[in-house]
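Undergrad: how would this look folded up:
(2 chains)
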Amino acid sequence: MPTTPAPGTVAPAVHLLAGALRRALLEEGGGFRLARVLPGREDSCAGLAAVRVLGADALAPFVVKGLALPAQDAALIRAAVRAHPAPQEPERQVLLWGIRDAALVRGLAVSGVDATGWEGLAPAGSTAHLLRLPWVAMAAELVRVAGAAPPFAEEAVHAQLARSHLDISRGLVRALLRRDLPSAACLTRWLAPAGEQLTTPALDYLEIAGADDPRVSLDTAIARRLTTGTSP
Amino acid sequence: MTRANTPISPQGDHDDAADRSRNVETETDAAAARLAHQVGERALAWLECMRGSFALTAETPDDHVEGQALKSLAELALAAGMVRREAIAGPQCADTAGRLLDFGWRQVGRGDLLYRLQARTPAATYPMEIYAPFAAAGYRHERMDRLAAHLLGLRASRVIEHVPNRRLAVVAAAATIGVTVPDDVAAMIGQTWLGGTPEPWMLDAGNAYGVTHTVFHLTDWGGRPEGLPQRLQDYLHQWLPVWAEVFCETRLWDLLLEMLIVGTCLQRPLFFPAVWERVAAAQRADGMMPNGLTTPPADPHAAWRNHHHPTIVAVVAGTLTLSRAISHATTAGGEA
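TA: Purely as a prediction, here's the structure:
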C-alpha cells in the first residue's frame, strides 16, 4: 500500500528527500546536491526539518559513494541543526538525539566537515548499551536509532554488532513476520556489513514490498550498497 | 528511571554477566515450570470433567464413525499418556490420566473398532495412527499389531501421498507399535518445511503446524530429543524464540502451546516463561484454554467442540515443560 504523507506535516519533505537520497545511492555519478532537492524558500522550514528527521542519512550518498560534500550542503545541514535543535528533555529524548547526532557528526567528519561547536547538536551518545539488551528490546531501540547504523556506526561497537548478529536477525525476522516493513528495513542496515545470508533475501523482499515507502526504500538502498561491498 | 521502560539509557558494564545469566536462566526455567504445572493440571481436570463429550455416538456403524471424533480420542490418549510417561505431576494427575486412558480405550472398543477400520480400509493410515498413543501407554490389540505390521511392510506403504510431516507421523506410529519400516527418514525430513530450513519469516500458521508436528514425530514428543537432526536443533534455537514471540501476539493458543512443546523437545530445551505467563492468564478458571480472539460459548459442551484441542495441547505442554525443566535443572546442577 502506498505511503501517503500526512498534509501539513514535515512528512512530504521527508519523503521527497528520502526518495532523492535513494536515487542518488543507486545512480552512477556524483552530481547529487542536497540543496537542489529541498523545497523552495517558502518551505525551507519543512526542508530543514526533513534534513533533521533523516539525520546522518542525509549524508548517505556522500559517505557510501565516497563523494565530496559540497560546502553549500554542509551549510544547509548546519542550518537544519540550528533551526531544529536537539531537545533538552526528557532524558530519553536527549539520549536518543545524542546517538543520532553523534552519527551525524561522524558522517560529517568522514566528509571532511568538523561539526565541533555546532549549535543545536545533542551531547554525543553511544549505541553500545543498546547492544546489551534482550533481543526484542534491542531490535526496537536499533530501529529508533537506525540513523546511527552502518555506514555511520561507531567504530567501537563493530565487534559488539558482530556478537549481536543473531539477536538483530531475530528482530528482523520478527518485523517481517509482523509485516512491519519500516522496522525490518532499519534492521537490515545493522546487519548489512556482515553480509549474512538472510539479509539478501530480506532486502530482495523489502525492495519490492516496500517500494511505495521512500524511507523503507532509502534504508534498503543503503543496506544493499553495504551488502554488495560497493561502498568505499 | 528504570531499565525496563528506558532501555535507551546507558548501562554499566557487567563483568559477572555470565554468572547472572545462568542464575536468571535457572530462575526463568523455574518460573516457566511453575506456570506450566498449574496450567497443565487445570487443563487435565477440565478434560476429565468434559470427557463425556469425547464419547463416540453409541451404536454408530463403523462406516459412520466420525474421523474427527476418533482423532480427538487419540489426542486425549496422547495427553494422558504424556502425563503417565513423564510421571511428574503427582498421584492425582496420574490417576486422572489413567481414567482418561481407560475411557478412551473403551470408546474404541478396546482396539476392536480401530482394528475393524484398519481391516476395512487397509490403505488408510489413520487407524494405526490413532492406535499408536494407546499402544504407547500399554493398551495393545494383538490383531491390530499384526495387521499394522503387515500393512507397513508393503510396497504400498512406501508411496502414500501424504504431506511430508504426515509421512513422519506414520513412521512414528510404526515405531510406537513396534514395527521397523524401511523408509528413508532423512529424505522425508528434507521434504518437510522445517527440513528445508527456510527463511524464518516465511512461516505461516499452516506451516507452523507442520514444523511442530515434524518435531513431535521425530522426537517422540520429547522422549527422544536426539531424533531431531542437529542442524534442525540449531535452526530452532535460532528462530523458535521469534516465532513464540510473534504467535503470542496472535493469541492462537493452540499453536503457541505446540511451540512451547517444541522448545521442550530440543536437546538443549527452550522455555518461555513470558509466554507461559500469557498462557496462564488466558486459561479460564475451569481449566479450558480459549483459542484465538473469539469468546467461547457459555455452555461447556458447546465450548468443548472448539476448545478441547488447545486444552489437550496445554496438558502436553505443561507436562513436558515441567518435566524437562526439572531434568534440565538437575543436569545443570550436576555440571556446576
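Undergrad: OK, contacts around the residue of the stretch 101-250 of chain B found nearest chain A?
TA: Across the stretch 101-250 of chain B, the shortest distance to chain A (C-beta to the nearest C-beta) belongs to B:Trp201, at 3.6 Å. Yep, even glycine has a C-beta here, placed from its N, CA and C like the rest. By C-beta atoms under 8 Å, 6 or more residues apart in numbering or on different chains, B:Trp201 lies in contact with A:Leu172, A:Val173, A:Leu176, A:Leu177, A:Ala202.
Undergrad: residue ranges of the helices in the stretch 151-300 of chain B, please?
TA: B:164-177, B:185-191, B:205-219, B:230-250, B:253-264, B:273-282, B:300-335 (DSSP state H, counting those that start in this stretch).
Undergrad: Measure how far the shortest one is from the centre of its chain, please.
TA: Yep, that's helix B:185-191 we're talking about. Offset of helix B:185-191 from its chain centre (C-alpha atoms, centre = their mean, to the nearest Å): 21 Å.
Undergrad: what's the answer for the longest one, then?
TA: Relative to the mean C-alpha coordinate of its chain, helix B:300-335 is positioned 8 Å out (C-alpha atoms, centre = their mean).
Undergrad: by how many degrees do that helix and helix B:273-282 diverge?
TA: 150 degrees (axes from the mean of the first three to the mean of the last three C-alpha atoms, to 10 degrees).
Undergrad: For helix B:300-335, name the packing helices and strands.
TA: Contact partners of helix B:300-335 among helices and strands, from 3 or more C-beta pairs under 8 Å, 6 or more residues apart in numbering or on different chains; DSSP states H and E: helix B:17-49, helix B:67-86, helix B:253-264, helix B:273-282.
Undergrad: So which bits of the last one are buried?
TA: If I follow you right, that is helix B:273-282. B:Pro273, B:Val275, B:Trp276, B:Arg278, B:Val279, B:Ala280, B:Ala282 (16 or more other C-beta atoms under 10 Å in any protein chain shown).
Undergrad: For chain A, see how far away the second one is.
TA: Look at B:Val275 and chain A: by C-beta to the nearest C-beta, to the nearest Å, they are 12 Å apart.
Undergrad: one step back: any idea which of the helices and strands packed on helix B:300-335 is most buried?
TA: helix B:253-264 (a mean of 26; mean count of other C-beta atoms under 10 Å in any protein chain shown).
Undergrad: ok and that one relative to helix B:300-335, angle-wise?
TA: Using the same axes, to 10 degrees: helix B:253-264 against helix B:300-335 is 20 degrees.
Undergrad: Now do helix B:253-264, average pLDDT.
TA: Taken as a whole, helix B:253-264 has a mean pLDDT of 96.
Undergrad: could you check whether that helix is close to chain A?
TA: No - on the criterion C-beta under 8 Å from any C-beta of the partner chain, helix B:253-264 is out of touch with chain A, staying 13.0 Å away.
Undergrad: Can you lay out the helices of the stretch 151-300 of chain B as a markdown table showing distance to A:Ala146?
TA: Formatted as a markdown table, those follow (distance: least, C-beta to C-beta, whole Å):
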| stretch | distance to A:Ala146 |
| --- | --- |
| helix B:164-177 | 38 |
| helix B:185-191 | 38 |
| helix B:205-219 | 29 |
| helix B:230-250 | 20 |
| helix B:253-264 | 30 |
| helix B:273-282 | 26 |
| helix B:300-335 | 37 |
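Undergrad: Nearest to B:Arg99, out of these?
TA: Smallest distance to B:Arg99 across the helices of the stretch 151-300 of chain B (C-beta to C-beta): 13.7 Å, for helix B:300-335.
Undergrad: quick one on the thing from earlier: most tightly packed of the helices of the stretch 151-300 of chain B?
TA: Counting by mean count of other C-beta under 10 Å, the most buried of these turns out to be helix B:253-264, with a mean of 26.
Undergrad: to the chain's geometric centre, what's the distance from it?
TA: The answer for helix B:253-264 is 7 Å, by C-alpha atoms, centre = their mean.
Undergrad: packing partners for it?
TA: Using 3+ C-beta pairs under 8 Å, 6+ apart, helix B:253-264 sits against helix B:205-219, helix B:230-250, helix B:273-282, helix B:300-335.
Undergrad: Ok, which of those helices comes nearest A:Val51?
TA: Closest to A:Val51 of these, according to C-beta to C-beta: helix B:230-250, at 35.2 Å.
Undergrad: Helix B:273-282 and the closest one, what's the angle between them?
TA: Inter-element angle recorded for helix B:230-250 and helix B:273-282: 40 degrees (by the same axes, to 10 degrees).
Undergrad: okay, the angle between helix B:230-250 and helix B:205-219?
TA: Going by the same axes, to 10 degrees, helix B:230-250 makes 140 degrees with helix B:205-219.
Undergrad: What lies in contact with helix B:230-250?
TA: With C-beta under 8 Å, 6+ apart as the test, helix B:230-250 has contacts from A:135-136, A:166, A:169-170, A:173-174, A:177-178, B:189, B:194-195, B:197, B:200, B:203, B:205, B:208, B:215, B:225, B:228, B:255-256, B:259-260, B:262-263, B:266-268, B:270, B:272, B:274-275, B:278, B:292.
Undergrad: Could you confirm whether the lengthiest helix in chain A reaches chain B?
TA: For chain A, the helix with the greatest residue count under DSSP state H is helix A:91-110. Yes - using C-beta under 8 Å from any C-beta, helix A:91-110 reaches chain B at A:Glu91, A:Arg92, A:Leu95, A:Leu96, A:Ile99.
Undergrad: what's the distance between the closest residue to chain B within chain A and B:Val242?
TA: Using C-beta to the nearest C-beta, the point where chain A gets nearest to chain B is A:Leu176, with a distance of 3.6 Å. With the distance defined as C-beta to C-beta, to the nearest Å, A:Leu176 ends up 10 Å from B:Val242.
Undergrad: same thing with B:Phe272?
TA: Distance of B:Phe272 to B:Val242, computed by C-beta to C-beta: 11 Å.
Undergrad: and what of A:Ala79?
TA: For A:Ala79, the distance to B:Val242 - C-beta to C-beta - is 43 Å.
Undergrad: Which residue comes closest to A:Ala184 once chain neighbours are left out?
TA: Once flanking residues are discounted, A:Ala184 sits nearest to A:Ala175: 3.9 Å by C-beta to C-beta, 6 or more residues apart in numbering or on different chains.
Undergrad: Let me know whether that neighbour touches A:Leu191 as I believe.
TA: No - with contact defined as C-beta atoms under 8 Å, A:Ala175 does not reach A:Leu191; the gap is 11.6 Å.
Undergrad: do you know how far the residue nearest the centre of chain A is from B:Ala137?
TA: Central residue of chain A (C-alpha atoms, centre = their mean): A:Gly147, 3.2 Å from the mean position. Noted for A:Gly147: a distance of 59 Å to B:Ala137, by C-beta to C-beta.
Undergrad: okay, now A:Arg36: neighbour count?
TA: By other C-beta atoms under 10 Å in any protein chain shown, 11 other residues sit near A:Arg36.
Undergrad: For it, grab phi and psi.
TA: Note on A:Arg36: backbone dihedrals following degrees, to the nearest 10 are phi -80, psi -20.
Undergrad: Contact partners for A:Val105?
TA: Shown in contact with A:Val105 (C-beta under 8 Å, 6+ apart): A:Ala115, A:Leu121, A:Ala124.
Undergrad: among those residues, which are in helices?
TA: Among those, DSSP H puts none in helices.
Undergrad: Among those residues, name the ones in strands.
TA: Assigned to strands by DSSP state E, none of these qualify.
Undergrad: Of those - the most surrounded one?
TA: In terms of neighbours by other C-beta under 10 Å, the contacts of A:Val105 top out with A:Leu121 at 21 neighbours.
Undergrad: Test my guess that that residue contacts A:Ala115.
TA: Yes - if you go by C-beta under 8 Å, A:Leu121 and A:Ala115 touch, sitting 6.7 Å apart.
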